[in-house]
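Enquirer: Turn this into a model:
(chains A and B)
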2 protein chains.
Amino acid sequence: MAAALPSAYAAKNKTKFVPGKDLTLIGKVMPTPDRYARVDTVKYDGFTDYQRRSLNQESSGLALVFKTNSDRVEVNFDYKKRHHAYNGTDVASAGADLYIKRDGKWVYAGSGVPSAKGEPVALVSAMAPGEKECLLYMPLRSIIDEVYVGISPDATITPMENPFKHKIVFWGSSFTHGVSANRSGMAYPLQLQRATGLDIRSLGVSGNSKLQQSYARVLADSDADAFVFDAFSNPQAPEIRENFNDFVKTIRAKHPVTPIIFQQTIYRGSRNFNTDNDQKEAAKMAAAEEMVRKAMETDPNIYIVYPAADTDGSTCTDKTHPSDMGYYNWMESIRQPILDILAKYNMK
Amino acid sequence: MAAALPSAYAAKNKTKFVPGKDLTLIGKVMPTPDRYARVDTVKYDGFTDYQRRSLNQESSGLALVFKTNSDRVEVNFDYKKRHHAYNGTDVASAGADLYIKRDGKWVYAGSGVPSAKGEPVALVSAMAPGEKECLLYMPLRSIIDEVYVGISPDATITPMENPFKHKIVFWGSSFTHGVSANRSGMAYPLQLQRATGLDIRSLGVSGNSKLQQSYARVLADSDADAFVFDAFSNPQAPEIRENFNDFVKTIRAKHPVTPIIFQQTIYRGSRNFNTDNDQKEAAKMAAAEEMVRKAMETDPNIYIVYPAADTDGSTCTDKTHPSDMGYYNWMESIRQPILDILAKYNMK
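Expert: Predicted coordinates for the structure are as follows:
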């Protein structure tokens, strides 16, 4: 599906569409041949076909930043794959999420998903005059060829400098990916980005963060100032024990003193009554605690933090994934602990 | 689509399915010919075809209560219409949401949606032995012919007495309906039901709560002990001024002294930057405040409360509808004010 440019819709609504390639893209762990992919999976080995062709290509966590004096912002996507999830909204899976800076804060401005027929969606309209700084998150789970940002025909739109600082590379499970968040910008790393101003590059790989060497090699090659890992949500306890040390070793080969902040996995709703899950999750947590604490004895730049996304399962969408409420709780619970650690490295 | 009983799936998994008609159904404003519909729209006039054939038939807010000693609970639905929304999850639109009583509290046990091919879904499994009291919410937006609850073949399942007391009839917009909640049980009236033990019968009619006489006649015929209305989210300011007094009059004809608690409408995310929406919403709020305060001068059993679902738009899914976080904030903000009002009428 190609978003015609200018389309009949654009003509009717007198909207001017500008391709994302003319704007600033942030949130990437590394450069990739496809602009809205996250990992160059031709360069790295060890990935499964699914990881290579699909998961690593999803645009979760990427965002455009630009300035415009338009009275409205519309958006359309050329999808390579338009994702629908049973446990998430289409707004999050295939849509855009827009924030505008006001009084130093990133304030929600609008969200939406282009129609299944390929028509653009208005994220915000009827805005007061003046130039705005915009932060536009890409879809959570879809694969994108190009994004088109629509503005009024007489307005200007210009690329903006990355407003965030200190390259903090997140890696993790569907939780870090943001699965079941209502909007693409509500994954907890992105909430943290807006709340702290940190330049977060988030590589959430739903169901596939198992401390593998493939991802360790990618992360090692990034120019991260710090790492934050949700590394214990996908592997079972034996995998954690088996893979943890080699995972750290591969990263340490290229980042000998970069802080690595491990996050304990979160409490899942399924634990409330499913005794099997409760035991498995407890075993994972114990293995994680054991492995990280042991590594901390010899490596002063390894840390552990404890997200409190959900203490009683009430935020679960599908027995596993938090709603926005869970991701908000997660972000709030790790915010100060992470800022305290980064401050030791003069990242303020 | 008929859920075969027993199905090949059931045989393979050794699951016994029991139809909802053998269990207790709660949450209904009134009896209806179709068990999982909410309004008898043959009996009442003034409804549009959409309201009659679709909206009023959706199972939002209805729930089954039962006791079982099964180690698992599965569910399947015979859908008359399986709903999908761009701004909600399929788990909420077409799925089930299960709570089990533990230490006097309704604790989340599991949620899920039967497969599109009609296979049942396991909401919880591997439970510890013992009889459980279960509260199973029906889908938020689908229309249901029958629900089948699956248990282990040697287990018992029995209808339970309605565990909630004082008939509190809610009526309102898509917000009361629960649109964009991640699970069907996360609409704010249902969160309030579990948190307070009130017997809430919630008639949320997405986009269609405009203080019409049709709905006033339905509400007047209910045997409510109290009313709580989200009546100012759908109509514009002129409609509020035009319809409000007649709406109250129709209800008062059959409920002369029943408390009626009006809720101010909530802050919407679209107000942050859309100046048109901001003005329209402010006008609605002013009209609502004016009309309710005037009615309160002569009617001592009319009240107004102020939900704080979202003060900065951060919980918005689609510029309008809160996520679970917004609905939780809403519930918490009206909980004590409503309990204080009900206490005056000895509803404790």
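Enquirer: What residue spans form the domains of chain A?
Expert: A:8-27+A:62-159, A:165-344 (automatic domain parsing).
Enquirer: which one is the spatially most central residue of chain A nearest to, not counting chain neighbours?
Expert: Central residue of chain A (CA atoms, centre = their mean): A:G61, 3.1 Å from the mean position. Counting by CB to CB, 6 or more residues apart in numbering or on different chains, A:G61 lies nearest to A:S202, which is 3.7 Å off, once chain neighbours are set aside. Every C-beta, even on glycine, is put in place using the N, C-alpha and C of the backbone.
Enquirer: what's the neighbour count on that neighbour?
Expert: Using other CB atoms under 10 Å in any protein chain shown, A:S202 has 27 other residues around it.
Enquirer: Got phi/psi on it?
Expert: phi -110, psi 120 (degrees, to the nearest 10).
Enquirer: In the sheet, which residues pair with it? Tell me.
Expert: Beta-bridge partners for A:S202, by DSSP bridges, are A:F170.
Enquirer: and if you look at A:L198?
Expert: Bridge pairing for A:L198 - DSSP bridges - gives A:K165.
Enquirer: does it really touch A:L192, like I thought?
Expert: Yes: the pair A:L198 and A:L192 passes the contact test of CB atoms under 8 Å, sitting 6.7 Å apart.
Enquirer: now the domains of chain A in JSON lines, with mean pLDDT?
Expert: Below are the domains of chain A laid out as JSON lines (pLDDT from 0 to 100):
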{"stretch": "domain A:8-27+A:62-159", "mean pLDDT": "95"}
{"stretch": "domain A:165-344", "mean pLDDT": "97"}
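Enquirer: In terms of helices and strands, where is A:D97?
Expert: strand A:96-102 (DSSP states H and E).
Enquirer: Export only the CA atoms of stretch A:60-72, formatted as PDB.
Expert: Extracted in PDB, the C-alpha atoms of stretch A:60-72 (Å, rounded to 0.1, in the frame of the first residue of the first chain):
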ATOM      1  CA  SER A  60       8.700   0.500  18.400                       C
ATOM      2  CA  GLY A  61      10.500   3.200  20.200                       C
ATOM      3  CA  LEU A  62      11.500   5.200  17.200                       C
ATOM      4  CA  ALA A  63      10.300   8.800  16.900                       C
ATOM      5  CA  LEU A  64      10.500  11.800  14.600                       C
ATOM      6  CA  VAL A  65      11.200  15.200  16.000                       C
ATOM      7  CA  PHE A  66      10.400  18.400  14.100                       C
ATOM      8  CA  LYS A  67       9.200  22.000  14.400                       C
ATOM      9  CA  THR A  68       6.100  23.200  12.700                       C
ATOM     10  CA  ASN A  69       3.800  26.300  12.700                       C
ATOM     11  CA  SER A  70       0.900  24.200  11.200                       C
ATOM     12  CA  ASP A  71      -2.500  24.400  12.900                       C
ATOM     13  CA  ARG A  72      -2.700  20.700  12.500                       C
END
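Enquirer: Can you show me the strands along the stretch 51-200 of chain A?
Expert: Under the criterion DSSP state E, counting those that start in this stretch, the stretch 51-200 of chain A carries strands at the ranges A:63-68, A:73-81, A:96-102, A:105-112, A:121-124, A:132-137, A:143-151, A:157-159, A:165-172, A:198-204.
Enquirer: Is chain B within reach of the first one?
Expert: No: where contact is defined by CB under 8 Å from any CB of the partner chain, no part of strand A:63-68 touches chain B; the two come within 12.0 Å at best.
Enquirer: who touches stretch A:302-316?
Expert: Applying CB atoms under 8 Å, 6 or more residues apart in numbering or on different chains, the contact partners of stretch A:302-316 are A:175, A:188, A:248, A:259-264, A:266-272, A:289, A:292-293, A:295-296, A:322-323, A:325-327, A:329-330, A:333-334, A:337-338, A:341, B:107-108, B:111, B:183, B:324, B:328.
Enquirer: Next: stretch A:106-115.
Expert: For stretch A:106-115, using CB under 8 Å, 6+ apart, the contacting residues are A:3, A:73, A:75-77, A:90-91, A:93-101, A:120-124, A:134-135, A:183-185, A:194, B:86, B:269-270, B:272-274, B:312-314, B:316-319.
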